[in-house]
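J.: sequence? don't have it. structure:
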């Protein structure tokens, strides 16, 4: 189990845990949390407040945003001791994956990819 402290407006960006489900319990504050299903890319959103729990299925893209006026404190637990973590933005733009391959495999244009690589520190 881990504790997460998020400032107002704080974001945990789109990411996956390939090896585990995630359970998030809000001890204080308010989050908007969501995940995107692999069946039709349906987005499931929920505003979770003190005392609420949300489960994120293994391997699905998910995120959390602090929408409250104060710090949100949450507890997180995983269904495996090795949940793994892959943050989408880092995987694409902080890596050495070539700009041409990112362009070919996404709907992003060359200049936007180059800008994002500068922001995240990617190469190639």
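T.: That came in fine, so what should we check first? Being a predicted model, the structure only gives us computed values, none of them experimental. Residues are numbered from 1 along each chain as shown.

J.: In three-state terms, how would the residue nearest the centre of the chain be classified?
T.: Geometric centre of the chain, nearest residue: residue 14, 2.6 Å, by C-alpha atoms, centre = their mean. Classification of residue 14 by DSSP: H, G, I helix; E, B strand; the rest coil places it in strand.

J.: again, but for residue 44
T.: Put simply, residue 44 is strand when judged by three-state DSSP.

J.: which strand residues sit across from it in the sheet?
T.: Beta-bridge partners for residue 44, by DSSP bridges, are residue 35.

J.: the strands in this protein, which residues?
T.: With DSSP state E as the criterion, the chain has strands at 2-6, 11-16, 22-28, 30-36, 43-49, 53-56, 62-66, 72-78, 86-87.

J.: Just name the most buried of the ones you listed.
T.: Mean neighbours per residue, mean count of other C-beta atoms under 10 Å, is largest over the strands of the chain for strand 62-66, with a mean of 21. No exception for glycine: its C-beta is placed from N, CA and C like everyone else's.
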